[in-house]
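In: here are the coordinates; sequence isn't available:
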């Protein structure tokens, strides 16, 4: 069961190129619910069936858990995630739609007018894994304290993407601006690291 439908709590959850941090090992990035990253604490892992991308399996599991609060469409799932994490996570709506589609294909939810409702099978599977609305919200709530970490990582990831684009396809003027910006960014990052190391040393 742990490798099939619900892997449940207890492994990598959210993180990856978009967001990272302890306990969040595959999260929302430019593809949606991402993977990779530096997770390793409590989280959601596993998912539905075989051959699916890990991030989508995690997305489906989180979506199913949030449907314990009542039927919802993709936009409402996104809002529930955002509310539960105090804005630390706001997944793309198209990923929530994919998750609902996967759940429907497995008989975990029914969908009418875009609104997903857990089936008896879905509720039983969640209960079997010990997942309730309270435990789901408690897990997602832990993401809130990593909000600053997620924001820093996201901004650095986006900055690196812009630099990569300019390096490959930019004009001479753009590359000159990149060189100037790179110097400023690296200097700022070096000072920030020194400050944080200093604080850690004092602690």
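Out: The structure has been received and is ready for your questions. Everything numeric here is computed off the predicted structure, so don't read it as measured data. Numbering: from 1, shown residues only.

In: Let me know the pLDDT of the residue lying farthest from the centre of the chain.
Out: Most distant residue from the mean C-alpha position of the chain: residue 172, 36.5 Å away (C-alpha atoms, centre = their mean). The per-residue pLDDT reported for residue 172 equals 95.

In: all numbers from here: first residue = 16
Out: Yep, numbering from 16; the last one is residue 187 now.

In: what's it in contact with, if anything?
Out: Going by C-beta atoms under 8 Å, 6 or more residues apart in numbering, residue 187 touches no other residue. Placement of C-beta: from N, CA and C, glycine included.

In: just the strands in this structure please.
Out: Listed in chain order, the strands of the chain (DSSP state E) span 43-44, 47-48, 124-127, 130-133.

In: what sits against the nearest residue to residue 126 once chain neighbours are set aside?
Out: Using C-beta to C-beta, 6 or more residues apart in numbering and skipping the chain neighbours, the partner closest in space to residue 126 is residue 119 (5.0 Å). For residue 119, the contacting residues are 125, 126, 131, by C-beta under 8 Å, 6+ apart.

In: care to break the protein down by domain?
Out: Per the record, the chain has its domains at 43-160, 165-217, by automatic domain parsing.

In: for the helix ranked longest in the chain, which positions count as buried?
Out: In the chain, assigned by DSSP state H, the helix with the most residues is helix 187-217. Using 16 or more other C-beta atoms under 10 Å as the test for burial, helix 187-217 gives residue 193.

In: Determine how far that helix lies from the middle of the whole chain.
Out: Chain-centre distance of helix 187-217: 27 Å, with C-alpha atoms, centre = their mean, to the nearest Å.

In: And stretch 169-184, by the same measure?
Out: Relative to its chain's centre, stretch 169-184 lies at 21 Å (C-alpha atoms, centre = their mean).

In: ok, now stretch 120-133?
Out: Put simply, stretch 120-133 sits 22 Å off its chain's centre (C-alpha atoms, centre = their mean).

In: can you give me the end-to-end distance of that stretch?
Out: 12 Å (C-alpha to C-alpha, to the nearest Å).

In: Distance check, residue 107 against residue 114.
Out: Distance, residue 107 to residue 114, using C-beta to C-beta, to the nearest Å: 11 Å.
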